[in-house]
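S.K.: model the structure of this input:
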Amino acid sequence: MVSSGDSHVVARRRFLKLAAASSAVTGVAMFVPGLLRAADLPHLDPSDATAKALGYVEDASATTNAQHKAGDACANCQFYSGGPTGYGPCQIFAGKSVSAKGWCASHSPKK
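M.R.: Now for the predicted structure:
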């Protein structure tokens with residue numbers, strides 16, 4: 001027979017195991033998008049509706065948007081997870097890769 005105190009210990013252990021497992025799953029899930037290869041993602045078309053709304057250009061030096069600051073590019077944006085050259089995933093344009101040299105109005109410098 002299990003006493004009331006023992007059942008609380010068992011319940012607490014079960015809770016802690018579930019909490020640890022949930023944390024591990026959440027941690028892995030956070031890194032899965034970063035595992036996507038840019039080569040597997042289609043390049044964002046500048047004529048895409050979202051790209052147009054955010055003023056996306058594949059070459060930041062070509063933008064005439066007043067929000068653009070010298071030196072801003074996708075490669076130094078917190079939403080971009082690709083390399084310093086070529087194309088890479090962007091959180092703003094989910095499922096698409098953007099040019100490292102590109103820029104859009106959602107640019108937010110990496111910290």
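S.K.: could you use CA atoms for every contact and neighbour count after this?
M.R.: OK.
S.K.: who touches stretch 43-62?
M.R.: Stretch 43-62 is contacted by residues 63, 65, 72-73, 87, 93, 96-99, 101-106 when judged by C-alpha atoms under 8 Å, 6 or more residues apart in numbering.
S.K.: list the buried residues for stretch 63-78?
M.R.: Applying a neighbour-count criterion of 16 or more other C-alpha atoms under 10 Å, the buried positions in stretch 63-78 are 63, 68, 72-77.
S.K.: tabulate the CA atom coordinates of stretch 91-103 in PDB.
M.R.: Extracted in PDB, the C-alpha atoms of stretch 91-103 (Å, rounded to 0.1, in the frame of the first residue of the first chain):
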ATOM      1  CA  GLN A  91      11.800  34.800 -40.400                       C
ATOM      2  CA  ILE A  92       9.800  37.600 -42.000                       C
ATOM      3  CA  PHE A  93       9.500  35.700 -45.300                       C
ATOM      4  CA  ALA A  94       8.800  32.200 -43.900                       C
ATOM      5  CA  GLY A  95       9.600  29.400 -46.400                       C
ATOM      6  CA  LYS A  96      11.700  31.600 -48.600                       C
ATOM      7  CA  SER A  97      15.300  32.500 -48.800                       C
ATOM      8  CA  VAL A  98      16.500  36.100 -49.200                       C
ATOM      9  CA  SER A  99      19.700  37.600 -50.500                       C
ATOM     10  CA  ALA A 100      22.400  38.300 -47.900                       C
ATOM     11  CA  LYS A 101      22.900  41.600 -49.800                       C
ATOM     12  CA  GLY A 102      19.100  42.400 -49.700                       C
ATOM     13  CA  TRP A 103      17.100  44.700 -47.500                       C
END
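S.K.: now do the buried residues in stretch 102-111.
M.R.: 102-104, 106-107.
S.K.: and of the buried residues of stretch 63-78, the nearest to residue 22?
M.R.: Comparing these against residue 22 with C-alpha to C-alpha places residue 77 closest, at 30.0 Å.
S.K.: OK, contacts around the closest one?
M.R.: 107-110.
S.K.: reformat the residues you listed as a markdown table; add distance to residue 48, secondary structure and pLDDT.
M.R.: Converted to a markdown table, the contacts of residue 77 look like this (distance: C-alpha to C-alpha, whole Å; DSSP: H, G, I helix; E, B strand; the rest coil; pLDDT from 0 to 100):
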| residue | distance to residue 48 | secondary structure | pLDDT |
| --- | --- | --- | --- |
| 107 | 17 | coil | 98 |
| 108 | 21 | coil | 97 |
| 109 | 23 | strand | 96 |
| 110 | 25 | coil | 94 |
